[in-house]
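K.L.:
Next one to model:
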Amino acid sequence: MSVAYAAWLYRVDRLEEAVTWLEKITEQDHEGFTLCFLAMAHHRLGHEEDALRHATEIRRRKAAWTEFTPWFERIRSGGLIAEMDAVLAGPPDVIREPETEADEPPPIRQDGAAST
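P.N.:
Numbers count the residues shown, from 1 in each chain. I've put the predicted structure just below:
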């Protein structure tokens, strides 16, 4: 399962699909940035309880960061936490359907990664 693909689904407003992918990914991998995308997608879909649950978990993890937390985790998750806070501060979205071929996902390889 590809976090990059799930993030792409979120970025092109295919939120239901993004949530499905992200929930499958978090069953195996509890990366902070995955939880940020889940919180944002759930919020934009109007699922406030789920959004709050994921946002609370990532904030709890951030509070536990130490000097031993890898720098890339602090940068990657820190930036997404700021974006998540901004998204959660606003109203849920009105979701649009893909309008162009550019909104179609790239093909997925056998290993689950998006091909270019």
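
K.L.:
Output the below-cut-off pLDDT ranges for the protein.
P.N.:
Scanning the chain with the threshold set as pLDDT under 70 gives 1, 29-31, 94-116.

K.L.:
how about the helices in it?
P.N.:
3-11, 15-28, 32-45, 48-63, 71-89 (DSSP state H).

K.L.:
Contacts for the second one next, please.
P.N.:
Judged by C-beta atoms under 8 Å, 6 or more residues apart in numbering, the contacts made with helix 15-28 from elsewhere in the structure are 1-3, 5-7, 9-10, 34-35, 37-38, 41-42, 44-45, 93, 95. Heads up, the C-betas are built off the backbone N, CA and C, glycines and all.

K.L.:
and that helix, how far out from the chain's middle?
P.N.:
8 Å (C-alpha atoms, centre = their mean, to the nearest Å).

K.L.:
try the last one
P.N.:
The offset between the C-alpha centroid of helix 71-89 and the centroid of the whole chain comes to 10 Å, using C-alpha atoms, centre = their mean.

K.L.:
quick one: it to helix 32-45, angle?
P.N.:
Using axes from the mean of the first three to the mean of the last three C-alpha atoms, to 10 degrees, one finds that helix 71-89 and helix 32-45 are set 10 degrees apart in direction.

K.L.:
Need the residue closest to the centroid of this protein.
P.N.:
By C-alpha atoms, centre = their mean, the chain has its centre lying nearest to F37, at 1.6 Å.
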